[in-house]
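Student: after the sequence you'll find the predicted model.
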Amino acid sequence: MKTIAYSYTDPLLESAPDATIWGWEVDRIYQDLGDRQQLQQLLQDCQSESNDSSETYLLVRRLEELGDSVQAVGDCLTELETLGVHLIATEEKVGADNQPLTRSDLLKLLRSIQDSQRSRYIRKGHARNRIKALPPPGKVPYGYRRGKDRYIVDRSTAPIVKEFFDNFLLYGSLRGSVRHLEKKYGKKISVSTGKRWLTSSVYRGDLLYQNGEVVSDTHAAIVSREEAAQVNRLLRRNRRLSPRSASAPRSLAGLVFCAACNSAMTVTRVTAVRKSQEYLYLRPIACPKRPKCRALPYQQVLEQTIQRICEDLPRAVSGAEMPDLERIKQGVSAQIAAKQAVLEQLQPLVTSGVLDVETADLRAYKIRTEISALQAQLAQFPPVNLRAIAQAVSIPQFWLDLSEAERRFYFREFIRQIQISRQEQNWQIQLVFIF
C-alpha cells in the first residue's frame, strides 16, 4: 500500500499547510501554490505506476482542491477512479471506512463544492482588491466618498470629523466630543460610533481589511500621524478611569483615593443659598466606615498634589529603569526605511521581467502591511523623553498657569493614583506614578 497526499493553496487567501497535518505516514506530498502543476504530476505518476499491484491512497483536505470548478473536480475524480486510486478527504465524508456514498450524500457533496467554489471566487476577488490596496466593499466611512480606486475626502463632512478629533485631543472626553458635535453642527452620533471614529484606521489614511491586516497611506488622511498617536495614548490612558471620570472637567477627577477606606473620591460642588460662589470638595464614594471619612477641600488637595509632584517626579524619573526610547525609535524607523527601499525596487524588477505583476503586487502588499505594523509600534512610544521633561514640569508655576483641562491632561500623563493618608485631623498626599 502506498499513501500520497495533495494540497492546493491560493496565495491570495491562505498559506501552505504544514506537512504534518495529515496524521498518516505519507510516502509523498504534492503541493500546489496558485496553479495545479503538482496535481498534473500526481496524475502522471499514478498513470506510470498503474501496473503496480499495490493499492494507492490519496489524501486531500477537501474535494474542491482538485479543481477550480465543479466540472474540473468531476473530471479529476473520474481520472483517479480510472487509475484505481482510493481518495480520502480528511475534512469531508469521502472515503471514510471504505463505505460508498449514497445518492443523497453525493448531492450534498456536490452542493457543498459549488458553495465552496462560489465563496472562494468572491473571496479571491476581494483579495485581489486588497492586494491592490483598493477600498473594501460596503458603506463609505463618514467624511469620505468613494473615488475610482480610493476614498476621497468629502469637503462637506470631513470638517465635522476633524472637529470631533480636535475636541477630543483638547479635552480628552469622548462623551464631551459627541455633545460638541451635536451642539455645533447638529450631527448626532452615539458614543459607540464616536469610539469607532477615534480608533478607525480610515481617518489616519490607512485601510483595515477583514483579515485584520492594515495597509498604510492608501488615501488622504483627515487626522495626522502625530494626532492619531496622541488619540491612541489618550484612549489607553482613559481605560484606567471610569467613563464619568474620564470626561469630568476637574483635573483631579478619577485620580484621588482614600487610603483609610480604599474608596475612590469624587468631586462635589456646594453653593451657598442666594450666592453665586461655589465650593469644591473631594469625598469618598463608598466609604464603609462609621463615621465616614470626611470630605476634603478640593483646592487644598490640588495645591498639595502640585507640591508633591514637583518634589517627587524628578526623583521617581531618575530612579526608574527606562529603556532608551530614542534609540528604539531610531531602530524601528530604520526598519521602516529599509522596507520602503525594498518596495521601491519591485517596479524595476517587473520592468526587467524578473518578477511578474501578480508576484510583485503580492510582495508589495506584504511589505506594506509590515510597514503598517512598524508604524503602529512607533506610534505607541511617547512623543518625548520623560527624563527630558521631568525638570520642566517640576516648577510649581508651570502647573498654576495651566487651565483645569490642561492640568488634567498632564496629571493623567504622569500620575496613576493620588492616595490620601489620614492621621486624626491631619492628612497628607502620596503619589503613585504610572512608571
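Tutor: Sure thing, it's come through. Numbering: from 1, shown residues only.

Student: for Glu213, which non-adjacent residue is closest in space?
Tutor: Closest residue in space to Glu213, ignoring its immediate chain neighbours: Thr369 at 4.7 Å, by CB to CB, 6 or more residues apart in numbering. C-beta coordinates here come from the backbone N, C-alpha and C atoms, glycine included.

Student: report the rounded mean pLDDT for whatever helix or strand that neighbour lives in.
Tutor: Secondary structure from DSSP states H and E places Thr369 in helix 357-379. Averaged across helix 357-379, the pLDDT comes to 87.

Student: that one: how far from the chain's middle?
Tutor: Mean-position distance between helix 357-379 and its chain equals 15 Å (CA atoms, centre = their mean, to the nearest Å).

Student: now stretch 291-298
Tutor: 43 Å.

Student: repeat for stretch 202-221
Tutor: Worked out by CA atoms, centre = their mean, stretch 202-221 lies 11 Å from the chain centre.

Student: list the buried ones in that stretch?
Tutor: By neighbour count with 16 or more other CB atoms under 10 Å, stretch 202-221 contains the buried residues 202-209, 213-219, 221.

Student: in strands, which of the residues you listed appear?
Tutor: Judged by DSSP state E, the subset of the buried residues of stretch 202-221 located in strands is Leu207, Leu208, Val214, Val215.

Student: quick check: chain neighbours aside, which residue is closest to Arg422?
Tutor: According to CB to CB, 6+ apart, the nearest residue to Arg422 is Ala260 (4.7 Å).

Student: quick one: low-confidence parts of the protein?
Tutor: Counting by pLDDT under 70, the ranges of the chain that qualify are 52-53, 93-106, 320-323, 382-386.

Student: now do the helices in the chain.
Tutor: 37-48, 70-82, 103-131, 158-171, 174-185, 191-199, 225-238, 243-246, 298-319, 325-351, 357-379, 386-390, 396-400, 404-414 (DSSP state H).

Student: now those in TSV, with distance to Asp149 and mean neighbour count?
Tutor: Output for those, formatted as TSV (distance: least, CB to CB, whole Å; neighbours: other CB atoms under 10 Å):
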stretch	distance to Asp149	mean neighbour count
helix 37-48	33	15
helix 70-82	32	15
helix 103-131	9	14
helix 158-171	19	18
helix 174-185	30	17
helix 191-199	24	15
helix 225-238	23	17
helix 243-246	39	16
helix 298-319	49	16
helix 325-351	17	13
helix 357-379	14	17
helix 386-390	43	15
helix 396-400	49	14
helix 404-414	40	18
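
Student: between these, which one is closest to Ser421.
Tutor: Nearest of those to Ser421, taken as CB to CB: helix 298-319 at 11.3 Å.

Student: with just CA atoms, put stretch 257-273 into CSV.
Tutor: Included here for stretch 257-273 are C-alpha records, laid out as CSV according to Å, rounded to 0.1, in the frame of the first residue of the first chain:
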residue,chain,number,x,y,z
PHE,A,257,-8.4,57.6,46.5
CYS,A,258,-8.7,57.5,50.3
ALA,A,259,-6.1,55.2,51.8
ALA,A,260,-8.1,54.8,55.0
CYS,A,261,-11.2,53.3,53.4
ASN,A,262,-9.8,52.3,49.9
SER,A,263,-12.6,54.2,48.3
ALA,A,264,-12.3,56.4,45.2
MET,A,265,-13.1,60.1,45.9
THR,A,266,-15.4,62.2,43.7
VAL,A,267,-15.6,65.9,43.2
THR,A,268,-18.7,67.5,44.7
ARG,A,269,-19.9,71.1,44.3
VAL,A,270,-21.5,73.1,47.1
THR,A,271,-23.1,76.5,46.7
ALA,A,272,-24.4,78.9,49.4
VAL,A,273,-28.0,80.0,49.3
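
Student: buried ones in it?
Tutor: Neighbour counts over stretch 257-273 (16+ other CB under 10 Å) mark Phe257, Cys258, Ala259, Ala260, Cys261, Ser263, Ala264, Met265, Thr266, Val267 as buried.

Student: could you save these as CSV and add columns showing distance to Pro17?
Tutor: Below are the buried residues of stretch 257-273 laid out as CSV (distance: CB to CB, whole Å):
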residue, distance to Pro17
Phe257, 53
Cys258, 58
Ala259, 57
Ala260, 61
Cys261, 59
Ser263, 56
Ala264, 52
Met265, 57
Thr266, 57
Val267, 59
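
Student: just the residues you listed: which are in strands?
Tutor: Reading strands off those with DSSP E, I get Phe257, Cys258, Ser263, Ala264, Met265, Thr266, Val267.

Student: the closest residue in space to Gln31 that isn't next to it in sequence: what's it in contact with?
Tutor: Once flanking residues are discounted, Gln31 sits nearest to Ser7: 5.3 Å by CB to CB, 6+ apart. Under the criterion of CB atoms under 8 Å, 6 or more residues apart in numbering, the neighbours of Ser7 are Ala16, Pro17, Ile29, Tyr30, Gln31, Asp32, Val60, Arg61, Glu65.

Student: out of those residues, which end up buried?
Tutor: Tyr30, Asp32, Val60, Arg61, Glu65.

Student: for the fourth one, give its distance to Pro11.
Tutor: Computed as CB to CB, to the nearest Å, the Arg61 to Pro11 distance reads 16 Å.

Student: give me phi/psi at the residue most central in space within the chain?
Tutor: For the chain, Gly212 is the residue whose C-alpha lies nearest the centre (CA atoms, centre = their mean; 7.1 Å). Main-chain dihedrals, Gly212, degrees, to the nearest 10: phi 90, psi 0.

Student: quick one: contacts for it?
Tutor: Gly212 makes contact with no residue, according to CB under 8 Å, 6+ apart.

Student: all good on my end, thank you.
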